[in-house]
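[1] Provided below are the primary sequence and the corresponding predicted coordinates.
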Amino acid sequence: MSTTAPAAGLEVVDLGKTYKRRGQKASTSQRVLDNVSLSVEAGEFVTLIGHSGCGKTTLLNCVAGLTDFNDGQIRMHGKPIQGPGPDRAVVFQHASLLPWRTIERNVAYGLELRRQMSSAEIKQRVASAIELVGLSGYASHYPHEVSGGMQQRVNLARALAVEPDLVLMDEPFGALDAMTKESLQDQLMALADREKRTTIFVTHDIHEAVYLADRVVLMTPKPGKISKQVVVPFGRNRTRALTETREFNDLVRELRELLTESEASV
Ligand SMILES: Nc1ncnc2c1ncn2[C@@H]1O[C@H](COP(=O)(O)OP(=O)(O)OP(=O)(O)O)[C@@H](O)[C@H]1O
């Protein structure tokens, strides 16, 4: 698997999204995203935080090409996106692995569907992705034979096997216990430092957002907008000790206050 930074440049420009719901008597519409603009540099790790319902998942799904949008443009490498593509991979909160396939064959699944690679190439990609997430000894296990945290690592391996330019993660550790979550955060960070894969990571957890990110993006609701972007000044190769420092906790507090203010103003 490549260890050089892929040339991902994501540009979201003046994005607008309105959901329409057809009721029994009348239709209603809800403006969920309005004038959302965001650029993500190749190799950058951006976390996206905001109150529940402010439109984080909708934004991520628009970038993934899974949800259409009404206004604006989303460009990858300067070209407007048209639906989902192998340049972008999504990691959802729930691993949703296929229980009848081994871990190895779960990771291979997306590559097999595309029918563009020989079985030898798929095998090599899968082995490499499984190794990256530290599960080499478990390739022949079935999902029920590994823990929730390991299943989530398989989920990540499945995304990495595609070798996407951009990884979109929607609260991937949200359903895990605190210890597993911390361990996966550390593994993901080591992976991000090594692979320099461009990532947008949605979370409710401000600690997690600061610990992982090069930049934290705050969204405010009704309609969802980007209200603030904060560059995290701690460099890479971070360790848990960082979370004990005053600088780290001051930044977490500052972001929490910004979120509270944004909630009070809607
Ligand atoms: N398919 C849909 N049809 C209609 N409304 C939707 C749809 N998906 C989301 N919404 C609405 O859009 C708004 C934004 O939802 P979204 O899931 O993007 O927010 P979020 O910030 O990711 O929330 P959370 O943090 O709780 O996951 C919410 O009010 C939600 O009810």
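    Right, received. Where do you want to start? Numbers count the residues shown, from 1 in each chain.
[2] Just the buried residues of stretch 53-66, please?
    Using 16 or more other Cβ atoms under 10 Å as the burial criterion, the residues of stretch 53-66 that qualify are 54, 55, 56, 57, 58, 59, 60, 61, 62, 63, 64, 65. Glycine gets a C-beta too; all of them are placed from N, C-alpha and C.
[3] Equivalent analysis for stretch 78-97, please.
    81, 85, 87, 88, 89, 90, 91, 92, 93, 95, 97.
[4] which residue sits closest to the last one in space, ignoring its chain neighbours?
    In other words, residue 97. Closest residue to residue 97 apart from its sequence neighbours, by Cβ to Cβ, 6 or more residues apart in numbering: residue 143 at 4.2 Å.
[5] Can you give me the neighbour number for that neighbour?
    Applying other Cβ atoms under 10 Å, we find 18 residues neighbouring residue 143.
[6] try residue 157
    Using other Cβ under 10 Å as the criterion, the residues surrounding residue 157 number 25.
[7] tell me the contacts of residue 84?
    By Cβ atoms under 8 Å, 6 or more residues apart in numbering, the contact list for residue 84 reads 64, 65, 66.
[8] Wait, the second one touches residue 81, no?
    In this case it means residue 65. Yes. Between residue 65 and residue 81 there is a contact at 5.4 Å, judged by Cβ atoms under 8 Å.
[9] what residues are shared contacts of these two?
    Shared contacts of residue 65 and residue 81 (Cβ under 8 Å, 6+ apart): residue 88.
[10] can you give me the helices in this protein?
    56-64, 103-114, 119-132, 148-161, 178-195, 206-212, 246-264 (DSSP state H).
[11] Rebuild these as TSV, extending it with mean pLDDT and distance to residue 23.
    As requested, the helices of the chain are exported to TSV (pLDDT from 0 to 100; distance: least, Cβ to Cβ, whole Å):
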stretch	mean pLDDT	distance to residue 23
helix 56-64	96	20
helix 103-114	90	37
helix 119-132	90	45
helix 148-161	89	36
helix 178-195	85	39
helix 206-212	95	36
helix 246-264	90	28
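[12] Looking at the buried residues of stretch 78-97, spot the one nearest the ligand.
    Within the buried residues of stretch 78-97, the smallest distance to the ligand is 8.7 Å, found for residue 93 (Cβ to the nearest ligand atom).
[13] Please look at the closest one and residue 169 and confirm they touch.
    No. The criterion here is Cβ under 8 Å, and residue 93 misses it with residue 169 at 9.1 Å.
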